[in-house]
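>>> Pasting the sequence and the predicted model now:
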Amino acid sequence: LWTEVCNTTFALSAMHDAGYEIYMVADASGGTTQEAHDYSMQRMIQAGVVPVTWQQVLLEWQRDWKNRDTYEAVMELVREHSGAYGMGVDYCYTMVHKAPERVEHGPTLAPVAAPI
């Protein structure tokens, strides 16, 4: 979706015409240029739209880690697509929960002394 076309028009119309409160997932769309996206987001924020990220939405829907029905699926998304946070989850799985590493590592090379 183009932020400046679909998202801005929808958000402003829904707020004005129907009184909806709008939360816009800012990193799930883009503009024809970075500036178009940024200025469209700024315009929506001016009008009262609340910007959020896809990860915020995902974790708000999960709500609590005791929700076991969705826990594994959420964690898989996080590990694959959440950058440093996903790496932290992987670390916890392997170091704290003793799960096997997801990546196979090559052989460990012996140290080589630097020439003097």
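Received it, and whenever you're ready, just let me know what you need.
>>> Listing request: residues of the protein with sub-threshold pLDDT.
Scanning the chain for pLDDT under 70 picks out no residues.
>>> For it, which segments are assigned as helices?
Applying DSSP state H to the chain gives helices spanning 8-18, 34-47, 54-62, 68-81, 83-91.
>>> Check which helices and strands the last one sits against.
Spelled out, that is helix 83-91. When contacts are defined as 3 or more Cβ pairs under 8 Å, 6 or more residues apart in numbering; DSSP states H and E, helix 83-91 packs onto helix 68-81. C-beta here means a position set from N, CA and C on the backbone, and glycine is covered the same way.
>>> gap between the helix it packs on and the chain center?
Helix 68-81 sits 12 Å away from the centroid of its parent chain (Cα atoms, centre = their mean, to the nearest Å).
>>> same deal with stretch 87-102?
Remark: stretch 87-102 is offset 20 Å from the chain centroid, using Cα atoms, centre = their mean.
>>> Tell me the buried residues in that stretch?
For stretch 87-102, burial by neighbour count (16 or more other Cβ atoms under 10 Å) applies to 89-90, 93.
>>> next one: stretch 21-33
Quick answer for stretch 21-33 (16+ other Cβ under 10 Å): 22, 24-26, 29, 31.
>>> how about the nearest residue to the one residue sitting closest to the centre of the chain, chain neighbours excluded?
In the chain, the C-alpha nearest the mean C-alpha coordinate belongs to Gln55, at 3.3 Å (Cα atoms, centre = their mean). If the residues on either side of it in the chain are set aside, Gln55 comes closest to Ser82, at 5.8 Å by Cβ to Cβ, 6 or more residues apart in numbering.
>>> Tell me if I'm right that that neighbour and Glu76 touch.
No: the pair Ser82 and Glu76 fails to qualify as a contact (Cβ atoms under 8 Å) at a distance of 10.6 Å.
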